[in-house]
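Visitor: I'd like to go over a predicted model; first the sequence, then the structure.
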Number of protein chains: 2
Amino acid sequence: MTAFDKAQQNDTPPVSITDEDVTAEDFLVLSPDRVRLVAEALDANDSNGVFDVVRTLNNADTADLIEHLSGDHRNGLIDLLHGSLNPEVLAELDETVREQVVKRLDAEEVAAAISGLESDDALEVIEDLHEDIQQQILQEIPTEERVILEDSLSYPEESAGRLMQRKLVSVPEHWTVGEIIDFLRSEKDLPQDFYDIFIVDPKHQPVGSVPLSRVLRSERSVRGPDIMETRIKPVEANMDQEEVARLFRRHNLISAPVIDPEKRLIGVITVDDVVDVIDEEAGEDIMRLGGVKEEDFYSAFIDTTRSRFTWLLVNLATAFLASFVIFQFESTISKVVALAVLMPIVASMGGNAGTQTLTVAVRALAMKELNPANLWRSIGKEFLVSLVNGLLFAGITGLVCWWWFDWPEIGFIIAAAMIINIVVAGLSGMGVPLILERLNIDPAIASGTFLTTITDVVGFLSFLGLAAWFLL
Amino acid sequence: MTAFDKAQQNDTPPVSITDEDVTAEDFLVLSPDRVRLVAEALDANDSNGVFDVVRTLNNADTADLIEHLSGDHRNGLIDLLHGSLNPEVLAELDETVREQVVKRLDAEEVAAAISGLESDDALEVIEDLHEDIQQQILQEIPTEERVILEDSLSYPEESAGRLMQRKLVSVPEHWTVGEIIDFLRSEKDLPQDFYDIFIVDPKHQPVGSVPLSRVLRSERSVRGPDIMETRIKPVEANMDQEEVARLFRRHNLISAPVIDPEKRLIGVITVDDVVDVIDEEAGEDIMRLGGVKEEDFYSAFIDTTRSRFTWLLVNLATAFLASFVIFQFESTISKVVALAVLMPIVASMGGNAGTQTLTVAVRALAMKELNPANLWRSIGKEFLVSLVNGLLFAGITGLVCWWWFDWPEIGFIIAAAMIINIVVAGLSGMGVPLILERLNIDPAIASGTFLTTITDVVGFLSFLGLAAWFLL
């Protein structure tokens, strides 16, 4: 009995839905009480107490438990569980946490766990590891599986080749439904789950796919090609995972065949992997727009501090640039201090209006909704929106400032600066991400800084410039 | 022949992958050239030219085409196509665009199209429509289907009841694999695609599910319960769609049974609908963090302007609040103009540092990664990160300002203000979303404004306050 078999036996006991204790909530989150129970048992060196809780958890729960524990408790738990940790739990873990867990296990243990996983899950576990650790683990894996993993690792990161599962069901064109069913019943080495059967020609190129429901609904004498879907969407192994996700979403796919440059069938990607990609990519965009790295939440304190420092340093430089603009108007401000009081309003409104446009543009670019066909129309719309809102806020702000300082000129000046800055903000909110996209830089990562630099500089320059011109 | 049958026949001709013209790219995006071709043909009133292009498009392409055309061209295209528009195209359309298209069609046409769709897609088409239009369309639908749609509409928006497909395959507990296969082969009224067969008890409560691959791999004599998955995750019809998405993601589900309050099986949710939900929810978070509405991109100019105005008005109010703080130090600034030059740096660094923390917190809350078990540890980590970065940036900024104005005191004062503001920013970046979540307000929607108000006020107050104290 291998470590993997043992681990499999250790999986969750079946939970029947007639069981009154289990509510829908329990499938969604691991209750904090159970995390607390485990932490307390670990503190008290009560390994039975730990096992009592862990035994009731499914794989997703166990992964959550490991993630939610503090570093020390996490290590303690891994030391206790290592032999009986279900390999699937490793695949479920957050990337940053997984690296910590794997470091805590022996290479043989990780290798044994990986051997029990499907090829795509096994790859997920090892692909982000440090190269030495990766090599150490690969050495412990039986040759046949190792070759497959090494081949998968040869595809670029975040490509279809990394996502795909190698084991799949393909049958020749001349087979009937009866032959397919007999094959499925007798063949033992099949993937755990599959949703489509691929029909391949003699060169092993896919010519169609048959959803399992069609196999089941057809008579045994029907030939495969008569019921196959010919409009299949083959994925090249080098395709970026974001594109793969778009393909699945666009065509509501459940699985798609992966082909090599000779168009031969080499793997299959299923929708459950794509769901993770969609999540990941959306999270990446959110984090990048906020100036943080995707793995921030579970990172060690020092890594988080360092990565955020870099970003803030860029911001400090741009903040000094804006200060330098103000510095040019020192004498103006010393004569009219009201300018210092009001200038942040112009900058802030420009920044916010620009961020609105920027967000829409970044999202539309990510979803491929913004393209040459509607580019100029979209820019035109943003210009109009900015112009109208610019005029409205110029009016409101101008009147308030006039009333506040009882001085009409200051009202007119801030109004004019507001129109300028909001219109510039709208156009930059579209322009900056478009230019970055053209330069092959992810618009989500850098747009924000560029934009606020522009709106700060233009805001201060237009307001203080107009004031210097008209008031002095 | 119904309008729907005709439309079905009009679907894309099969594209074989041996066809050299079709590249993987074509499955991902509709080429802008084709959009231009259609637009030109519409301008020239050349309906054959339009059909020549449309005939080569699949449903996803046609939906893209309709989305990417300008309003006038869109209406022209719909007027041309209406009889032959594949109902599935309606389901694929962006919500805002769909409403425009449906308004352009007769109620009978929409009703005919909807009758050709599965219940979940049909619901998607009509659920967001204005109530009068919805009622008009429902009147035109045959009673049996109408009752189902009306029942689905009775579930809350964005709930599992709205997502589910009514047609499913359920069989009694005593059936064997052979009986199941015979049933599937003879029964005509089955869903178009299905992945699991649900086993129900006499009360019609689901007791397990059998993936189709297991049915295919088992001998005819095997009984359903012997191969069924008992750890099914039933979804209550009132469950929020975001929770449904989490359930699918957490347990890598392909389909899940939906139950009513009596735990009877009433529908099934499949992963392709969940993919759309995940996309939608991620998009919503990105847009809300940026201060815009989800439907912004395809909205008419006037709707976009109005919704952004509201948000900018809130920002204007908070900007005036910050100005009012500066106003309190008017006399200090008039004596030391360097303060006006430097004060935006303190505010801006606080805003950016706070946004980093805020982004991580909002995302972690959305993904249920932040919870009572790791709450205080996470807050502690943010405090430490802010403290260290605050100290580092205090040092850098202080030295630069000392050198710039050749005045050590100003360096010390900005350094002190920087530490205060970055630490406050870090704590607020965690605290604001947590408090909003506790108050059942979506943290994505309002956190940003609260946060920048805090960092602006604290930034100006600490810097100008310290300066007034020490310099004067």
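Guide: The structure has been received and is ready for your questions.

Visitor: Please, which helix or strand holds residue A:349?
Guide: Assigning secondary structure by DSSP states H and E places residue A:349 in helix A:338-366.

Visitor: Measure how that helix sits relative to helix B:338-366, angle-wise.
Guide: Put simply, helix A:338-366 runs at 30 degrees to helix B:338-366, going by axes from the mean of the first three to the mean of the last three CA atoms, to 10 degrees.

Visitor: now check helix A:338-366, is it near chain B?
Guide: Yes. Contact of helix A:338-366 with chain B (CB under 8 Å from any CB of the partner chain) involves A:338-345, A:347-349, A:352-353, A:355-356, A:358-360, A:362-364. C-beta coordinates here come from the backbone N, C-alpha and C atoms, glycine included.

Visitor: Need the mean per-residue confidence for that helix.
Guide: Regarding helix A:338-366, the rounded mean pLDDT is 94.

Visitor: and if you look at stretch A:57-66?
Guide: Confidence for stretch A:57-66, expressed as mean pLDDT, is 88.

Visitor: can you give me how far it is from the chain middle?
Guide: Relative to its chain's centre, stretch A:57-66 lies at 21 Å (CA atoms, centre = their mean, to the nearest Å).

Visitor: which residues make contact with that stretch from outside it?
Guide: By CB atoms under 8 Å, 6 or more residues apart in numbering or on different chains, the residues outside stretch A:57-66 that reach it are A:11-12, A:15, A:29-30, A:34-35, A:38, A:54, A:74, A:77-78, A:85-86, A:88-89, A:92-94, A:97, A:101, B:231, B:250-251.

Visitor: of all of the stretch 101-250 of chain A, which residue lies closest to chain B?
Guide: residue A:212 (3.9 Å; CB to the nearest CB).

Visitor: Could you double-check that that residue lies in contact with residue B:195?
Guide: Yes. Using CB atoms under 8 Å, residue A:212 is in contact with residue B:195, at 7.5 Å.

Visitor: Quick check: neighbours shared by these two?
Guide: With CB under 8 Å, 6+ apart as the test, residue A:212 and residue B:195 both reach A:195, B:212.

Visitor: quick one: the strands in the stretch 251-400 of chain A?
Guide: Ranges of strands in the stretch 251-400 of chain A, per DSSP state E, counting those that start in this stretch, are A:255-259, A:265-270.

Visitor: shaky segments in chain A?
Guide: A:1-27 (pLDDT under 70).

Visitor: Put together CSV for the strands of the stretch 251-400 of chain A, with distance to residue A:460 and mean neighbour count on each row.
Guide: Formatted as CSV, these follow (distance: least, CB to CB, whole Å; neighbours: other CB atoms under 10 Å in any protein chain shown):
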stretch, distance to residue A:460, mean neighbour count
strand A:255-259, 52, 25
strand A:265-270, 51, 24
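
Visitor: Throw those strands into CSV and include distance to chain B, thanks.
Guide: Formatted as CSV, the strands of the stretch 251-400 of chain A follow (distance: least, CB to the nearest CB, whole Å):
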stretch, distance to chain B
strand A:255-259, 8
strand A:265-270, 8
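
Visitor: Any chance of a markdown table for these, columns distance to residue B:171?
Guide: Compiled in a markdown table, these are given as follows (distance: least, CB to CB, whole Å):
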| stretch | distance to residue B:171 |
| --- | --- |
| strand A:255-259 | 24 |
| strand A:265-270 | 25 |
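
Visitor: these two touch, right, residue A:446 and residue A:436?
Guide: Yes. Using CB under 8 Å, residue A:446 is in contact with residue A:436, at 5.9 Å.

Visitor: and residue A:152, what does it touch?
Guide: When contacts are counted by CB under 8 Å, 6+ apart, residue A:152 touches A:119, A:123, A:161-162, A:164, A:166.

Visitor: Quick check: residue A:148 touching residue A:120?
Guide: No. With contacts counted by CB under 8 Å, residue A:148 stays clear of residue A:120, the gap being 10.6 Å.

Visitor: list the residues that contact both of these two?
Guide: Taking CB under 8 Å, 6+ apart as the criterion, residue A:148 and residue A:120 both touch residue A:166.

Visitor: and residue A:209, what element?
Guide: Here residue A:209, judged by DSSP H and E, is contained in strand A:206-211.

Visitor: OK, contacts around the nearest residue to residue A:223 once chain neighbours are set aside?
Guide: Nearest in space to residue A:223, with sequence neighbours left out and distances taken as CB to CB, 6 or more residues apart in numbering or on different chains, is residue A:176 at 5.3 Å. Neighbouring residues of residue A:176 by CB under 8 Å, 6+ apart: A:220-224.

Visitor: Which of these fall in helices?
Guide: Among the contacts of residue A:176, DSSP state H puts residue A:224 in helices.

Visitor: Show me what residue of the stretch 151-300 of chain A gets nearest to chain B.
Guide: Going by CB to the nearest CB, chain B is nearest to residue A:290 of the stretch 151-300 of chain A, at 2.6 Å.

Visitor: so the residue lying closest to residue A:393 once chain neighbours are set aside is in which element?
Guide: Excluding the flanking residues, the one nearest residue A:393 by CB to CB, 6+ apart is residue A:418, at 5.5 Å. Remark: residue A:418 resides in helix A:408-438, with elements defined by DSSP H and E.

Visitor: Which secondary structure elements does the helix or strand just after that helix sit against?
Guide: On the C-terminal side of helix A:408-438, the nearest following helix or strand under DSSP H and E is helix A:443-471. With contacts taken as 3 or more CB pairs under 8 Å, 6 or more residues apart in numbering or on different chains; DSSP states H and E, helix A:443-471 sits against helix A:271-289, helix A:301-327, helix A:330-335, helix A:338-366, helix A:408-438, helix B:338-366.

Visitor: The fourth one relative to helix A:301-327, how many degrees between them?
Guide: By that I understand helix A:338-366. 130 degrees.

Visitor: re earlier: and the residue of the stretch 101-250 of chain A closest to chain B, how many neighbours does it have?
Guide: Residue A:212 has 24 neighbours, counted by other CB atoms under 10 Å in any protein chain shown.

Visitor: Could you check how far it is from residue B:218?
Guide: Counting by CB to CB, to the nearest Å, the separation of residue A:212 from residue B:218 is 13 Å.

Visitor: Same question for residue A:454.
Guide: With distances taken as CB to CB, residue A:454 is found 65 Å from residue B:218.

Visitor: Next up, the contacts around residue A:197.
Guide: Listed by CB under 8 Å, 6+ apart, the contact set of residue A:197 reads A:169-171, A:180, A:209-210, A:212, A:215, A:224.
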